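**Student:** Output the structure for:
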Amino acid sequence: MKRIAFLLLLCLVLAGCQRGRAYFPAAKEMTAQHVEVVRFDSALLADGQTAEGIRRLFADYPTFMPLFTEDILGIAASDTACLQEALPQFLNDTLYGFRQTNAREQELFADFQDIQQSLDGAFTRLHYLYPDMPLPTIYLFISGFNASIYFAGDDIAVGADMYLGSDYEYYNRVVYDYQKQTMRKECIPADVVSAYLFRQLPFTSKKSRLLEQMLYRGKVLYLISVLFPELPAYEVMGYTREQWAWCEQHERAIWHLMMDKRDLFKAEPLLLSSYLNDGPFTAEVSQESPGRLGTWVGWRIAESYMENHPEVSLQQLMAEGDAQKILEESRYKP
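**Tutor:** Predicted coordinates:
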């Protein structure tokens, strides 16, 4: 019994260390990166009520303020008269709950230290792998439920009002239930890094079959899981614990269905959308399933490939554009 208990403990330890493999040295041996987080959200709420305050926002944020007014408010930055009237209304609206939401956002994001540490850790690991990748600046802003993540030039903007908790009451008016799972403050670091990686490591395959698309996304998720070793796999995927368990329980059936229908080798837009895009379920598989099952399977294949090829680096995995090769050499057989 002692031997069995020891073996079980060893398996758990190895399973917990698997994503860390030998990709990184000790933290002290890497060049620590600090991601600058700009609290435009607080500045906007403080100065967005008056003409003088709005002028100060343009002076203090000469790049981001025009982007915000044009992309989020839909007002030309040069239209000062319209902006001075519309911005206070935007910040104080009660019909759509913006005023209440803004107060909640300031309360919840008063302490940003845990998110800062998670971002710094992930970008420190990413810098070790790709030292030439530029470090983005992160802007927190008030989106009016318009955007979670969007690019502000080379930087990344985070709509903090889209991360107030899955049970936040006003989300019932603007999103579907299946979307609420990732609308939590702790989801911000992985969302930021995910958006950043999809831009820095774009899809380059000349083929657009499901196989290429799902393996590309699966490789990115595998990389994210390594950059955030403290995150459970279901959190990396944006699933609940129960959704991840469903996928594991039905993994063989999912794979056999995809193979039997030869879906891997199809490129029809509706089929790709069903397997890859967010939704309440994956229509090609089952209404009991979570969405994005193609991406989940792509991640499992990438993971199997790396387990069977310890000589392959993360950079080599991400650079490998032959999806058929990865599939065959992964020996993925659930």
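
**Student:** check contacts around the residue nearest to residue 299 when sequence neighbours are not counted.
**Tutor:** In space, and not counting its chain neighbours, residue 299 is closest to residue 218: 3.9 Å by CB to CB, 6 or more residues apart in numbering. The way it works is simple: take the backbone N, C-alpha and C, and place the C-beta from them, glycine included. Contact analysis of residue 218 by CB atoms under 8 Å, 6 or more residues apart in numbering lists 295-302.

**Student:** Recalculate using a threshold of 10 Å.
**Tutor:** Shown in contact with residue 218 (CB atoms under 10 Å, 6 or more residues apart in numbering): 294-303, 305, 323, 326.

**Student:** mind checking pLDDT for it?
**Tutor:** On the pLDDT scale, residue 218 is placed at 98.

**Student:** Repeat that for the one 10 residues further on.
**Tutor:** Reported pLDDT at residue 228 in the predicted model: 97.

**Student:** I'd say it and residue 235 touch.
**Tutor:** Yes. Contact criterion CB atoms under 10 Å: residue 228 and residue 235 qualify, at 8.3 Å.

**Student:** got any residues that touch both of the two?
**Tutor:** Common contact partners of residue 228 and residue 235 (CB under 10 Å, 6+ apart): residue 190.

**Student:** sorry, back to before: which members of the contacts of residue 218 occur in helices, if any?
**Tutor:** 294-303, 305, 323, 326 (DSSP state H).

**Student:** mind putting the residues you listed in CSV, distance to residue 25 and neighbour count included?
**Tutor:** Converted to CSV, those look like this (distance: CB to CB, whole Å; neighbours: other CB atoms under 10 Å):
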residue, distance to residue 25, neighbour count
294, 34, 29
295, 30, 24
296, 30, 27
297, 32, 25
298, 29, 29
299, 25, 25
300, 28, 22
301, 28, 24
302, 23, 28
303, 22, 20
305, 23, 24
323, 31, 23
326, 27, 25
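
**Student:** And those residues, which is closest to residue 162?
**Tutor:** residue 295 (20.9 Å; CB to CB).

**Student:** Please report how far that closest one lies from residue 216.
**Tutor:** Plainly put, residue 295 is 9 Å away from residue 216 if you go by CB to CB, to the nearest Å.

**Student:** Now do the shared contacts for the two.
**Tutor:** Common neighbours of residue 295 and residue 216, using CB under 10 Å, 6+ apart, are residue 276.

**Student:** before we move on, which element is residue 54 in?
**Tutor:** According to DSSP states H and E, residue 54 maps onto helix 51-60.

**Student:** Find the centremost residue of this structure, please.
**Tutor:** residue 191 (2.5 Å; CA atoms, centre = their mean).

**Student:** Please enumerate the strands of the stretch 101-250 of the chain.
**Tutor:** Remark: strands assigned in the stretch 101-250 of the chain by DSSP state E, counting those that start in this stretch are 138-141, 149-152, 155-159.

**Student:** and the longest one, how far from the chain's centre?
**Tutor:** In terms of CA atoms, centre = their mean, to the nearest Å, the gap separating the centre of strand 155-159 from the centre of its chain is 12 Å.

**Student:** What helices and strands are in contact with it?
**Tutor:** Where contact means 3 or more CB pairs under 10 Å, 6 or more residues apart in numbering; DSSP states H and E, strand 155-159 is packed against strand 37-39, helix 40-47, helix 64-67, strand 138-141, strand 149-152, helix 188-200.

**Student:** Comparing the ones you listed, which comes out most buried?
**Tutor:** The highest mean neighbour count among those, using mean count of other CB atoms under 10 Å, belongs to strand 138-141: a mean of 25.

**Student:** Just the CA atoms of that one, as CSV, please.
**Tutor:** C-alpha atoms of strand 138-141 as CSV (Å, rounded to 0.1, in the frame of the first residue of the first chain):
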residue,chain,number,x,y,z
ILE,A,138,-1.4,47.7,-21.2
TYR,A,139,-4.2,50.3,-21.0
LEU,A,140,-7.1,49.7,-18.7
PHE,A,141,-10.2,51.6,-19.9
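
**Student:** And that strand, what does it pack against?
**Tutor:** Judged by 3+ CB pairs under 10 Å, 6+ apart, the packing partners of strand 138-141 are strand 37-39, helix 40-47, helix 64-67, helix 113-129, strand 149-152, strand 155-159, helix 188-200.

**Student:** The same query, at a cut-off of 8 Å, please.
**Tutor:** strand 37-39, helix 40-47, strand 155-159 (3 or more CB pairs under 8 Å, 6 or more residues apart in numbering; DSSP states H and E).

**Student:** List the neighbouring strands of that strand plus their orientation.
**Tutor:** strand 37-39 (parallel), strand 155-159 (parallel) (DSSP bridges).

**Student:** What mean pLDDT does it get?
**Tutor:** 98.

**Student:** what's the answer for stretch 192-210, then?
**Tutor:** Computed over stretch 192-210, the mean pLDDT rounds to 96.

**Student:** and what of stretch 260-276?
**Tutor:** 97.

**Student:** separation between residue 327 and residue 273?
**Tutor:** Between residue 327 and residue 273 the computed distance is 21 Å (CB to CB).

**Student:** Neighbour count: the two, which is higher?
**Tutor:** With neighbours defined as other CB atoms under 10 Å, residue 327 and residue 273 compare such that residue 327 has more, 19 against 14.
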